[in-house]
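# Need a 3D model of the following:
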Amino acid sequence: MYELFRRRQLAGTWALIVAALQALADEAGHVAWDVPVDSGTARAHQHAAGHARTAADRRSRPTPSRRATAWAALAAG
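Now for the predicted structure:
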């Protein structure tokens, strides 16, 4: 069964079926193409926060303890 699915997927059959169904639903007015965007999903680059601009800034920032660093590594997976 999987081989049949995979062959049709590689041939683009499923993409054609989905496109045809979307076109039919759109013509009938059943599709709303509005996409809600939540600004809560926008994230900064991992290096964007806490950037030290000078050597003096880097020295004044406390270094994380080994225990806190190990905990963060476990939490990150």
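# ok, for Trp33, nearest residue in space, not its chain neighbours?
Asp26 (7.8 Å; C-beta to C-beta, 6 or more residues apart in numbering). (C-beta placed from N, C-alpha, C; glycine too.)
# Which strand or helix spans that neighbour?
Secondary structure from DSSP states H and E places Asp26 in helix 13-27.
# What mean pLDDT does that helix get?
Helix 13-27 shows a mean pLDDT of 92.
# What lies in contact with it?
Arg8, Val31, Trp33 (C-beta atoms under 8 Å, 6 or more residues apart in numbering).
# any idea how far Ala25 is from the nearest residue to the first one once chain neighbours are set aside?
When the adjacent residues along the chain are set aside, Arg8 lies closest to Trp14, with 6.0 Å between them (C-beta to C-beta, 6+ apart). Between Trp14 and Ala25 the distance is 16 Å, computed by C-beta to C-beta, to the nearest Å.
# cool, Gly12 as well?
From Gly12 to Ala25 the distance is 20 Å (C-beta to C-beta).
# any idea of the angle the host helix or strand of Gln9 forms with helix 13-27?
Gln9 is part of helix 2-11 when elements are defined by DSSP H and E. Going by axes from the mean of the first three to the mean of the last three C-alpha atoms, to 10 degrees, helix 2-11 is angled at 60 degrees with respect to helix 13-27.
# Give me the contacts around helix 2-11.
Residues contacting helix 2-11 (C-beta under 8 Å, 6+ apart): Trp14.
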